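Student: Just need the structure, nothing else, for what follows:
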Amino acid sequence: MGAHGHAGHATLPMTRVAWAVLAPLAVLTVVGLVVLWPSSAPVPERPSAAQEFDGVVLALEPQECPEDAPEASGGCGTVTVRVDAPDGEREVEAPLSTAPGAPELEVGDEVVVAAAETPEGYLYGVVDHQRGPQLWALLAALGLALVAFGRWRGLTALVGLGITFVVLLAFIVPAVIAGEAPVLVALVGASAVTLSVLYLTHGVSLSTTVAVMGTMASLGLTAALSEVAVGALHLTGVTDDISTAVTSTYGIDPRGLLVASIIIGSVGVLDDVTVTQAATVTELGRANPSYRFAELYGAAARVGRSHIASVVNTIVLAYAGSSLPLLVLVVADNGSLAGAATTQLIAQEVVRSAVATIGLIAAVPLTTALASLATRTAEPEAARPA
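Tutor: Numbering: from 1, shown residues only. Down below sits the predicted model:
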């Protein structure tokens, strides 16, 4: 009983210190959201010569392709589509696309039709399938699985996921488009997600507060390392047509956008590691109230090393998997992975993985030390009966 009372008194100063650190960070985050929040002024639209409409495939008229035509995924011929245009429904004809990756069509498919105006009239083309209902069904299945397994925690995780999307789509992306500094916007957005989602998902406790502190410190380190690495490797952030279009159309700093993407991509994995370490230290402290700081830190650090070993592989594989077509193309063009590794395309992905991993590694000892300070108990002698 005496040991637990001593532990309670030992954690009180750390609780005050934790809130003394987090309170200014929370205030700065709120101020950042208010100052950087995008105005309602219209953003510049990307110029486009085509309009897009929803449609339904009514008929297919395949034809034999000419001998000199490239290999086609959709074949040659025409497709008849009923289009839902603003001035009413109409039936239009479009050629079956012969481009790689063109949609494979069947009668009854719901599709997206592009219409481009020419001196001779409108030209139509089927550019994609509609996927709204399927995506909503998949998201509903995800929500049901989370709630069925996690129950209340699963529900709070869903709400936290919703908050993350709101911050991304209502603040980060519009603020960057409006011309705010991408790195600053990313830091404020990542801080808002960390503060709101961690407390919502894991509750208001000293363990969660320590995890938030570890995440914030590691995010700052990740941002600093990203700036240094991007500058040292002379990365511009412009590597494909999409990044070129974003830069030329909206005037966004591509280098800053690259650093911002690394920061945002690190938040989720950092949350996972810091919450796990803080919870591990808390449980170890409860199970072994006689542990000193060094013993508590050592035991939790061993768990953290195992966690890091698996998470690091996850980070690398996640980046490699998302960039697999790019890796295939670059290696095929260069003839070897060693020759391709120094290209900007591959170097950019290496920087993403390396910087995120270093920030992740730093989060383990930092969070473990903070949690050990917060949960350490009295000396072993104090825990023994007199």
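
Student: Which neighbouring elements make contact with the helix or strand where residue 348 lies?
Tutor: Residue 348 belongs to helix 344-375 when assigned by DSSP states H and E. Here helix 344-375 touches helix 2-36, helix 206-232, helix 254-287, helix 293-322, helix 324-334, helix 337-341, going by 3 or more C-beta pairs under 8 Å, 6 or more residues apart in numbering; DSSP states H and E. Yep, even glycine has a C-beta here, placed from its N, CA and C like the rest.

Student: nearest to residue 358, of the ones you listed?
Tutor: The closest of these to residue 358 is helix 206-232. By C-beta to C-beta, the value is 5.9 Å.

Student: if we can go back for a sec, so which of the helices and strands packed on helix 344-375 gets nearest residue 133?
Tutor: Smallest distance to residue 133 across these (C-beta to C-beta): 25.3 Å, for helix 293-322.

Student: Would you mind listing the buried residues in that closest one?
Tutor: By 16 or more other C-beta atoms under 10 Å, the buried positions in helix 293-322 come out as 296-297, 299-301, 303-304, 307-308, 311-312, 315-316, 319.

Student: my read: residue 271 touches residue 211, true?
Tutor: Yes: with contact defined as C-beta atoms under 8 Å, residue 271 reaches residue 211; the gap is 7.4 Å.

Student: Name the residue in those two with the higher neighbour count.
Tutor: A direct count of neighbours by other C-beta atoms under 10 Å for residue 271 and residue 211 places residue 211 higher, at 29 against 24.

Student: residues touching that one, list them.
Tutor: For residue 211, the contacting residues are 198, 202, 271, 274, 275, 277, 278, 279, 367, 371, by C-beta atoms under 8 Å, 6 or more residues apart in numbering.

Student: Pick the one among the residues you listed closest to residue 62.
Tutor: residue 271 (51.4 Å).

Student: Report the contact partners of the closest one.
Tutor: 194, 197, 198, 211, 215.

Student: Tell me the pLDDT of it.
Tutor: Reading off the confidence values, residue 271 has pLDDT 88.

Student: ditto for residue 191
Tutor: For residue 191, pLDDT reads 94.

Student: what sits against it?
Tutor: Shown in contact with residue 191 (C-beta under 8 Å, 6+ apart): 25, 28, 29, 32, 216, 219.

Student: Flag every buried residue along whichever strand or helix holds it.
Tutor: In the assignment (DSSP H and E), residue 191 maps to helix 182-202. For helix 182-202, the buried set under the neighbour-count rule, 16+ other C-beta under 10 Å, comprises 182-199, 201-202.

Student: Please convert the contacts of residue 211 to CSV, extending it with distance to residue 156.
Tutor: Shown next, in CSV, are those (distance: C-beta to C-beta, whole Å):
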residue, distance to residue 156
198, 11
202, 8
271, 14
274, 17
275, 13
277, 20
278, 17
279, 15
367, 21
371, 22
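
Student: can you give me the offset of the helix holding residue 348 from its chain's centre?
Tutor: Centroid displacement of helix 344-375 relative to its chain, using C-alpha atoms, centre = their mean, to the nearest Å, is 16 Å.

Student: now that helix against helix 206-232, angle please.
Tutor: 150 degrees (axes from the mean of the first three to the mean of the last three C-alpha atoms, to 10 degrees).

Student: Could you pull up the mean pLDDT of helix 344-375?
Tutor: Mean predicted confidence for helix 344-375 is 87.

Student: Looks like residue 225 contacts residue 355 (just checking).
Tutor: Yes: using C-beta under 8 Å, residue 225 is in contact with residue 355, at 4.8 Å.

Student: Please say which of the two ends up with more neighbours.
Tutor: A count of neighbours by other C-beta under 10 Å puts residue 355 above the other of residue 225 and residue 355, at 25 against 19.

Student: In contact with the more buried one: list those residues for me.
Tutor: 222, 225, 226, 229, 262, 266.

Student: Distance of the third one relative to residue 255?
Tutor: I take that to be residue 226. Computed as C-beta to C-beta, to the nearest Å, the residue 226 to residue 255 distance reads 10 Å.

Student: Which of the two has more residues huddled nearby?
Tutor: Neighbour count, other C-beta under 10 Å: between residue 226 and residue 255, residue 226 has more, with 26 against 19.
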